[in-house]
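Trainee: Okay, predicted coordinates and the sequence, questions at the end:
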Amino acid sequence: MTTAELPWARLRDELARWFRRRADDEALAEDLAHEVLARLVDHAPRLRSVASVGPWVHRVAGSVWVDHLRRTRPVGEIDLASVAAPTGDPEPVGGPLGAWTLAALASLPPGQAEAVRLVDVDGVSRAEAAARLGLTVKGLNSRVQRGRVALRQALTRCCEVALDARGGLVAWRARSGCCEG
């Protein structure tokens, strides 16, 4: 190994360790480390300062990891024949999924819970909800968005869900009984 190869070998080993801590798979860690090195070589001419190499490597490694997760995450397809599809009107708020959602909403930080409740449950306009909470509309939007993300994460952790192209609920099934209210 030449002197010029040593830093690359060390970097590859460090990257492989970083990925192993996340993936617990030796071959995958090596593949992802090599992908990072390839991206670094491809984009090295764009690097403006040697001082920013460390953060740049970490940012590229993080991007490679996120890309890997996106490529390998389950698409969320459900055998719809085994799931009761909604019939007629949407499920009332008092139904099992609605009851679970209201309980999950109560577990959010108070500011997010109240913002989501006003906008999504009570149907209050954003301007009025912001005024009630003493926020700007932008501040309210931020709370609503964070609350929705937290609710969606909780829902997908405990339930299998099928969504239509616009993100509307088509069907759902509890994974471990937690969605049954």
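Mentor: Arrived safely, thanks for sending. All values derive from a computational prediction rather than experimental measurement.
Trainee: neighbouring contacts of stretch 65-73?
Mentor: Here stretch 65-73 makes contact (CB atoms under 8 Å, 6 or more residues apart in numbering) with 19, 22-23, 28, 32. For every residue, glycine as well, the C-beta is placed using N, CA and C.
Trainee: Going by neighbour count, list what's buried in it.
Mentor: By neighbour count with 16 or more other CB atoms under 10 Å, stretch 65-73 contains the buried residues 65, 68.
Trainee: what mean pLDDT does that stretch have?
Mentor: Averaging pLDDT along stretch 65-73 gives 77.
Trainee: And for Arg173, the neighbour number?
Mentor: Neighbour count for Arg173, taken as other CB atoms under 10 Å: 14.
Trainee: make that Ala171, sorry
Mentor: Neighbour count for Ala171, taken as other CB under 10 Å: 17.
Trainee: Please look at it and Ala162 and confirm they touch.
Mentor: Yes. In this structure, Ala171 is within contact of Ala162 by CB atoms under 8 Å, at 4.4 Å.
Trainee: follow-up on the earlier one: I'd like the contacts of stretch 65-73 laid out as a markdown table, including secondary structure.
Mentor: As requested, these are exported to a markdown table (DSSP: H, G, I helix; E, B strand; the rest coil):
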| residue | secondary structure |
| --- | --- |
| Phe19 | helix |
| Arg22 | helix |
| Ala23 | helix |
| Leu28 | helix |
| Leu32 | helix |
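Trainee: These, buried ones only, as a PyMOL selection?
Mentor: The buried residues among the contacts of stretch 65-73 can be selected in PyMOL (16+ other CB under 10 Å) with this line:
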select buried, resi 19+23+28+32
